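> have a look at this prediction, sequence included:
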Amino acid sequence: MVRIGLGRDLHRLEEGRPFLLAGVHLPFPKGEAGHSDGDVLVHAVIDALLGAAALGDIGELFPPGDPTWNDANSMELLAQVWNRVKSDKWQLVNIDCCIICEAPKILPYREEIRSALAAVLETNIESVFVKGKTAEGLGPIGEGRAVEAEAVCLLTK
Ligand code: MG
């Protein structure tokens, strides 16, 4: 059996917050706002995995109103989710992601981001891809007020 999953997320960008993608800190004056560490890419990946395995969604597993998840390390949440998905005997075929923001540039950090995701998902780097896109200056993302991430994954068992 093969199942596809889709996840997406958007976070506001605020001065003084770290800009984190899969736990990789990109030097930039702004970063993702959020009750957790705001790692928008990891949140999209989590929802893609949960959707493919029909196990719920990130807001259900880690409710934003629950103080347990204040400043939560999203990579640790991803590890928990991956353990849950694995416990249902799913194997990851591949995962593909887009990060949409006007700045910073993603490409210089792409391999580090791919490696970080591959390590938590216990797969090889070839099975994880990440692309950076801009919004061509349009809308809240184009104005540098937000960052968005999309992820699709394929699971098999
Ligand atoms: Mg989020």
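Noted; the coordinates are in hand.

> state the mean pLDDT of the helix or strand containing Val42.
For Val42, the element it lies in under DSSP states H and E is helix 40-52. Helix 40-52 shows a mean pLDDT of 98.

> can you show me the CA trace of that helix as CSV?
Taking C-alpha atoms only, helix 40-52 is exported to CSV below (Å, rounded to 0.1, in the frame of the first residue of the first chain):
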residue,chain,number,x,y,z
VAL,A,40,7.5,26.2,9.7
LEU,A,41,9.2,23.6,7.5
VAL,A,42,9.0,20.9,10.2
HIS,A,43,5.4,21.7,10.9
ALA,A,44,4.5,21.1,7.2
VAL,A,45,6.5,17.9,7.2
ILE,A,46,4.7,16.7,10.4
ASP,A,47,1.3,17.3,8.8
ALA,A,48,2.4,15.5,5.6
LEU,A,49,3.4,12.4,7.5
LEU,A,50,0.4,12.5,9.8
GLY,A,51,-1.9,13.0,6.8
ALA,A,52,-0.4,10.1,4.8
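
> what parts of this protein come near the ion?
Within the chain, the residues that sit near the ion (CB under 5 Å from the ion) are Asp9, His43. C-betas here are computed from N, CA, C, even on glycine.

> quick one: the strands in the chain?
Along the chain, counting by DSSP state E, strands occupy 2-15, 19-21, 24-26, 30-32, 91-100, 128-133, 146-156.

> residues in contact with the fifth one?
Spelled out, it's strand 91-100. For strand 91-100, contacts defined as CB atoms under 8 Å, 6 or more residues apart in numbering pick out 2, 21, 40-41, 44-45, 48-49, 106, 117, 121, 123, 127-135, 141, 147-157.

> quick one: the residue in the chain positioned nearest to the ion from Pro67, how far?
Proximity of the chain to the ion (CB to the ion) peaks at His43, 3.6 Å away. Separation of His43 from Pro67 (CB to CB, to the nearest Å): 18 Å.

> what does Gly7 give?
24 Å.

> which ones are touching the residue of the chain closest to the ion?
Counting by CB under 8 Å, 6+ apart, His43 touches Gly7, Asp9, His11, Ser36, Ile58, Ser74, Ala149.

> those residues: which two are farthest apart?
The largest separation in these, counting by CB to CB, is between Gly7 and Ser36 at 14.9 Å.

> show me where pLDDT drops low in the chain?
Under the criterion pLDDT under 70, no range of the chain is flagged.
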